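Novice: kindly return the folded structure for what I paste below:
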Amino acid sequence: MMRQLAARCNALVVLLAIATMLGCQGLSSSNKAATTTTPPPNNTKPGLLAISPTSISFGIVKVGNNQNQPATMTNSGGSTLTVTKVTPSGAGFSVGGLSLPVTLASGQSRGFTVVFAPQVMGTVNGNLAVANTGSTPTVIVALSGGSQIQGALTPSPSGLNFGNVQVGYKQTLSETLTNTGGSSLTVTQVNATGTGFSVSGLTLPLTLPAGQSQPFSVTFTPQSAGTASGNLAIVNTGSVATVNIALSGGAQTAGVITPSPSSLNFGSVQIGNNQALPMTLTNSGGTTVTVTQVNPTGTSFSVTGLSLPLMLTAGQSQSFTVSFAPTSAGSSSGNLAIISDASNSTINVALSGNGLAAGALTPSPSSLSFGNVQVGSHLQLQETLTNTGGVNVSISQASVAGTGFSMTPWAPLVLTPGQHYTFTVAFAPPSTGNFSGNVAIVSNASNPNLSIPLSGTGTPVPQGQLSVSPTTLAFGNVIVGTNGQLNGTLSATGQTVIVSSDNVTGSAFAVTGLSFPVTIPAGQHVQFTVSFTPSGLGAASGSVSFASNASNSPTVENFTGTGTPPPQHSANLSWTASTSQNIIGYNIYRGVKSGGPYSKINSVLDASTLYTDTTVADGTTYYYVTTSVDSSNVESGYSNQTTAVIPPP
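Specialist: Presented below is the predicted three-dimensional model:
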């Protein structure tokens, strides 16, 4: 670089010297001819690029891998040159380690890398074109290489499931390894993990050329019941260094029949009855079991609900019924023999029970008659049950039927021989008439369905009488707009009377003083008020009808009355004549407040000293004054004030 800078400086000095000479020559006034100076000749050789090596062969490279080869570019010429472009051709070739442009002084070298990364199988030829500013503008380097696909190990199947294998036995499955790649591979290890799994039929190391397969065997030998899982790890030189094959299987024990319960005790059962108990058979082993026989022995024992032969898979259960129906008193024993192909091929279930002589229930009395019972009331009677048999009697149900009959629940109940129990039955007739029913008792006695008849008659409830006094209320004359009030009385006789409502007719009449329902004991009475408020002139009539539980309901009271007009009121006024001259008349003024204001009420002058005001309103107080008027129509001041009180209607 320093050499190049020195050369450039020399050239610059020469050029400056020539320019100076020319300048001087231009400025000279001499008529001498100009003198030309020729520079010395340049004997420096141009740059020359050389690539080493001149050709590169990568040999065989597996598809998906790459290989690097070093190369060196050298300027073997005499001048500096610049590498401007490096272009590889051929699939998979590339260049690394160069940052262009690269300037090489004379004798200078630069290393770089050529890379071959094949993507497909086959032979690849190419070249490297290096463009530069030297005497050979493009230098070519031949490139070549071959490729092949790496070996790939593929198992078939990809996983092994041995299903259920009985403990103590084994199951063997086949497995195949195939080289599905493009080059040979070697299997170096086959490692089985998981309890009970093993491998046979392979000799290692195993070399598999491309496309070749090798079968072998995997065996599952379970030692205990349950689920097992494992793995087969195959180490090889293919593209996947370790290929895993999942292993799974289930271990089950031999079939075992387990009865539940292991024995049956039916307790005491009355002769003529039967007792059923459930029995369940369960396959508690690991394989299917077939039950071929279920044989009960012993008097009065039997089996139902089972269809043979019976197949029970592992864990499956089947329920059925064993019954004891004694035909005589005393203890009974037997056996239930269960025969199957299970590991416990014959199972015996002990059976036992006791036969009891029948008990008997005797009711006292044999029926219940309630006679006459008033509607709305009730009557209770007692009934007694006695166990007249020789063994306990279990009463499971006791119910009553029939309208109006009821009983407090008391079953279940056990009566020992000779024991009795007393209970109560009630009769409450909802209406009049005859009623019947029964008490039904269910037990294990010799008379297991005992019925006790019930009967009774509902009679009517005595009713009271309701009277009203007076039967007619006469209000006489009542001024329209006002009201008159009269009292009435309701009385009960015989029985208590309940008055539930009233119904008033006649719009001018109203009844108050009663809050329904009203209860009136026999011999008592209540008062009420009737108001008459006429809205128009003339006679009016109406009535009130009282609804009750009395036998004479409804009870009616009539009303009469007459609406009359209100009286007409007026105010008669008089005053002392004025003593002034030329008085021709008077004006009359009225107000409703003492001291005014007042309003004139006469339309023309009143020449007299008397005036009647007919426009007054009932119940109002009025205040009056007068003035005098002379012939010149001059009106005097107000006179003194007088008061008129109009009565209410």
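Novice: now the element after the lowest-mean-pLDDT helix or strand in the chain, going C-ward?
Specialist: Within the chain, confidence by mean pLDDT, DSSP states H and E is lowest for helix 2-27 among all helices and strands, at a mean of 30. Using DSSP states H and E, the helix or strand that follows helix 2-27 in sequence is strand 49-52.
Novice: just for the stretch 451-600 of the chain, where's the confidence low?
Specialist: Under the criterion of pLDDT under 70, none of the stretch 451-600 of the chain is flagged as low confidence.
Novice: mind jotting down where the strands sit in it?
Specialist: 465-469, 472-479, 484-493, 497-505, 509-512, 518-520, 525-532, 538-548, 555-564, 571-574, 583-591, 599-600 (DSSP state E, counting those that start in this stretch).
Novice: okay, now the unreliable bits of the chain?
Specialist: Filtered on pLDDT under 70, the chain yields the residue ranges 1-43.
Novice: off-centre distance for stretch 322-334?
Specialist: 55 Å (Cα atoms, centre = their mean, to the nearest Å).
Novice: ends of it, how far apart?
Specialist: End-to-end distance of stretch 322-334 (Cα to Cα, to the nearest Å): 12 Å.
Novice: buried stuff in that stretch?
Specialist: 322, 323, 324, 325, 326, 332, 334 (16 or more other Cβ atoms under 10 Å). (Each C-beta comes from the backbone N, C-alpha and C, glycine too.)
Novice: quick one: residue 321 and residue 258, what's the gap?
Specialist: Residue 321 sits 18 Å away from residue 258, going by Cβ to Cβ, to the nearest Å.
Novice: can you list the domains in the protein?
Specialist: In terms of domains, the chain is parsed into 49-148, 153-252, 257-356, 361-457, 465-564, 571-645 (source: automatic domain parsing).
Novice: hang on, residue 225 packs against residue 167?
Specialist: Yes - proximity of residue 225 to residue 167 meets the contact threshold set by Cβ atoms under 8 Å, at 6.0 Å.
Novice: need the overlap of contacts for the two.
Specialist: Contact criterion Cβ atoms under 8 Å, 6 or more residues apart in numbering; residues shared by residue 225 and residue 167: 251, 252, 253, 286.
Novice: starting at the chain centroid, how far to the strand or helix carrying residue 70?
Specialist: Here residue 70 sits within strand 67-75, counting by DSSP H and E. Taking Cα atoms, centre = their mean, the mean C-alpha location of strand 67-75 is offset from the chain mean by 75 Å.
Novice: partners of that strand in the sheet?
Specialist: Strand 67-75 sits in its sheet next to strand 49-52 (antiparallel), strand 109-116 (antiparallel), going by DSSP bridges.
Novice: any chance of the ones you listed in TSV, with mean neighbour count too?
Specialist: Shown next, in TSV, are those (neighbours: other Cβ atoms under 10 Å):
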stretch	mean neighbour count
strand 49-52	17
strand 109-116	17
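Novice: can you list the ones you listed in JSON lines and add distance to residue 384?
Specialist: As requested, the strands paired with strand 67-75 are exported to JSON lines (distance: least, Cβ to Cβ, whole Å):
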{"stretch": "strand 49-52", "distance to residue 384": "132"}
{"stretch": "strand 109-116", "distance to residue 384": "116"}
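Novice: tell me where the stretch 251-400 of the chain has strands.
Specialist: Applying DSSP E, counting those that start in this stretch to the stretch 251-400 of the chain gives strands spanning 257-260, 263-270, 275-283, 289-297, 301-304, 310-312, 317-324, 330-340, 346-356, 361-364, 368-374, 379-387, 393-401.
Novice: to residue 450, which of these lies closest?
Specialist: Distance to residue 450, taken as Cβ to Cβ, is lowest for strand 361-364 among those, at 5.3 Å.
Novice: how about residues contacting that closest one?
Specialist: The contact list for strand 361-364, computed with Cβ under 8 Å, 6+ apart, reads 383-388, 393, 395, 415, 441, 443, 445, 447, 450, 452.
Novice: so how far is that strand off the chain centroid?
Specialist: The answer for strand 361-364 is 58 Å, by Cα atoms, centre = their mean.
Novice: ok, now stretch 160-171?
Specialist: In this view, stretch 160-171 has its centroid 45 Å away from the chain centroid, taken as Cα atoms, centre = their mean.
Novice: then stretch 243-258?
Specialist: On Cα atoms, centre = their mean, the centre of stretch 243-258 falls 41 Å from the chain's centre.
Novice: again with stretch 411-422
Specialist: Distance of stretch 411-422 from the chain centroid (Cα atoms, centre = their mean) equals 52 Å.
Novice: surely residue 165 is within a strand?
Specialist: Yes - counting by DSSP: H, G, I helix; E, B strand; the rest coil, residue 165 is part of a strand.
Novice: which one is it nearest to, not counting chain neighbours?
Specialist: Nearest non-adjacent residue to residue 165, counting by Cβ to Cβ, 6 or more residues apart in numbering: residue 171, 4.6 Å away.
Novice: so what's that neighbour up against?
Specialist: Neighbouring residues of residue 171 by Cβ under 8 Å, 6+ apart: 162, 163, 165, 219, 220, 249.
Novice: at 10 Å instead, please
Specialist: Residues counted as contacts of residue 171 (Cβ atoms under 10 Å, 6 or more residues apart in numbering) are 160, 162, 163, 164, 165, 196, 218, 219, 220, 221, 222, 249.
Novice: so which pair among those residues is furthest apart in space?
Specialist: 164 and 218 (16.5 Å).
Novice: neighbour count for the two, which is higher?
Specialist: Each of residue 164 and residue 218 has its neighbours counted (other Cβ atoms under 10 Å); residue 218 has more, 22 against 15.
Novice: returning to what we had before: of all the strands paired with strand 67-75, which lies closest to residue 630?
Specialist: Comparing these against residue 630 with Cβ to Cβ, the closest turns out to be strand 109-116 (147.6 Å).
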